[in-house]
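Student: predicted model and sequence below, questions to follow.
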Amino acid sequence: MATKNQSLGEFIIEHQAAFPYSSGELSRLINSIRLAAKMVNHEVNKAGLVDITGSIGEINTQGEDQQKLDVFANDTFIRTLTNRQIVCGIASEENDDFITIEGNDGNHASKYVVLMDPLDGSSNIDVNVSVGTIFSIYRRVTPPGTPVQLEDFLQPGNQQVAAGYIIYGTSTMLVYTTGHGVNGFTLNPALGTYYLSHPNMQFPEDGRIYSVNEGNYVHFPQGIKDYIKYCQKEEGDRPYTSRYIGSLVSDIHRNMIKGGIYMYPKSSKASNGKLRLLYECNPMAFIAEQAGGKASDGHTRILDLKPEELHQRVPFICGSKNMVEKAEQFIQRIP
């Protein structure tokens with residue numbers, strides 16, 4: 001049974017029996033993510049003191065301006081996971097293609113692949129706003145001992161064995177699920193240890209916060225516009241409060257604790273939305289559902305979507321169950 005202030009290491013050891021097929025690899029994988037997150041946290045906390053902020057003047061595979069910390073975080077997670085010899089493949093939002101990883105003996109015996117957004121919301125670094133890391137873990141579907149293939153990564157989100165995020169904010173937290181609820185661990189910087197601070201995290205069924213970039217309002221489909229007007233109408237417990245940070249990790253984390261809905265819908269500027277299914281939507285949807293929330297593209301459960309490409313984008317609506325269902329009603333009214 002999880003106890004508050006238990007260390008992450010103790011928690012992992014205590015709960016690894018829930019994965020008899022894993023032989024400890026999944027636990028070691030979570031430990032590697034914990035280590036890489038501490039290294040990234042150290043750099044994030046130095047922003048403004050050393051030359052780690054700003055753009056490097058290059059565009060990533062998403063067509064977005066790469067930040068220095070994007071590159072650092074990406075390299076750190078890839079290096080840490082590769083050196084531990086516990087994954088056979090990695091896919092990152094920052095890389096064009098997936099990375100195949102061999103063991104020291106030249107084989108590909110590891111069972112797991114990791115997909116990640118190494119630094120979500122990195123454009124906020126320069127103004128000292130919270131950013132994060134998002135990760136998703138799957139068991140490979142191709143035969144162990146062979147190099148990983150694209151199909152190992154293009155699995156629907158309902159096949160995830162673990163997912164989580166790290167939020168680098170006023171305190172640094174690692175929040176993750178292995179399909180047995182959601183738990184949050186806060187880093188004690190003096191000791192370099194994460195401690196269980198938020199056991200069994202749950203989305204309230206209802207909330208009073210809606211999070212969406214209203215600057216794109218004129219580009220949104222009519223159903224989203226109608227739902228936003230519903231949120232703003234003075235009736236019952238409404239109007240709701242508008243809160244939008246522009247960092248997916250930060251917005252979802254706040255709404256999970258306080259109750260709310262996050263929306264990044266399709267628009268006339270982005271016909272499929274902006275968020276990546278594999279690196280952002282699937283892991284956040286898994287966490288949301290494990291915390292009693294809901295995640296949808298407006299019509300279909302996110303975790304049931306079959307990915308077609310590594311960097312696929314989808315509309316994303318996630319949060320308190322009743323709020324997401326109400327938004328879906330507005331979206332589905334419009335043909």
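Tutor: Thanks, I have the structure now.

Student: model confidence over stretch 178-186, on average?
Tutor: Averaged across stretch 178-186, pLDDT comes to 95.

Student: my guess is Ala295 contacts Met284. True?
Tutor: Yes. With contact defined as Cβ atoms under 8 Å, Ala295 reaches Met284; the gap is 6.6 Å. Placement of C-beta: from N, CA and C, glycine included.

Student: more neighbours, the two?
Tutor: Between Ala295 and Met284, counting by other Cβ atoms under 10 Å, Met284 is the more crowded of the two (31 against 24).

Student: helix/strand/coil for that one?
Tutor: Under the three-state scheme (DSSP: H, G, I helix; E, B strand; the rest coil), Met284 adopts helix.

Student: that one touches Gly132, doesn't it?
Tutor: No. Under the criterion of Cβ under 8 Å, Met284 makes no contact with Gly132, lying 10.5 Å away.

Student: intersection of neighbour lists for those two?
Tutor: Here Met284 and Gly132 share the contacting residues 165, 248, scored by Cβ atoms under 8 Å, 6 or more residues apart in numbering.

Student: please enumerate the helices of the stretch 101-250 of the chain.
Tutor: Using DSSP state H, counting those that start in this stretch, the helices assigned to the stretch 101-250 of the chain run over residues 150-153, 222-232, 248-258.

Student: most tightly surrounded among those helices?
Tutor: Of all the helices of the stretch 101-250 of the chain, helix 248-258 has the most neighbours on average by mean count of other Cβ atoms under 10 Å, namely a mean of 24.

Student: got the CA coordinates for that helix in PDB?
Tutor: Taking C-alpha atoms only, helix 248-258 is exported to PDB below (Å, rounded to 0.1, in the frame of the first residue of the first chain):
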ATOM      1  CA  LEU A 248       0.300  21.000 -21.800                       C
ATOM      2  CA  VAL A 249       1.900  19.500 -18.800                       C
ATOM      3  CA  SER A 250       1.100  22.500 -16.600                       C
ATOM      4  CA  ASP A 251      -2.400  22.900 -17.800                       C
ATOM      5  CA  ILE A 252      -3.300  19.200 -17.400                       C
ATOM      6  CA  HIS A 253      -1.600  19.000 -14.000                       C
ATOM      7  CA  ARG A 254      -3.600  22.000 -12.700                       C
ATOM      8  CA  ASN A 255      -6.900  20.800 -14.000                       C
ATOM      9  CA  MET A 256      -6.300  17.300 -12.600                       C
ATOM     10  CA  ILE A 257      -5.900  18.800  -9.100                       C
ATOM     11  CA  LYS A 258      -8.600  21.500  -9.300                       C
END
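
Student: helix or strand right after that helix?
Tutor: strand 260-264 (DSSP states H and E).

Student: sheet-wise, list the partners of that next one with their directions.
Tutor: strand 209-211 (parallel), strand 316-319 (antiparallel) (DSSP bridges).

Student: any idea of the mean pLDDT for that strand?
Tutor: Strand 260-264 shows a mean pLDDT of 98.

Student: residues in contact with it?
Tutor: So strand 260-264 is in contact with 207-213, 224, 227, 240, 243, 248, 251-252, 254-255, 273-275, 315-320, 323-324, 327, going by Cβ under 8 Å, 6+ apart.
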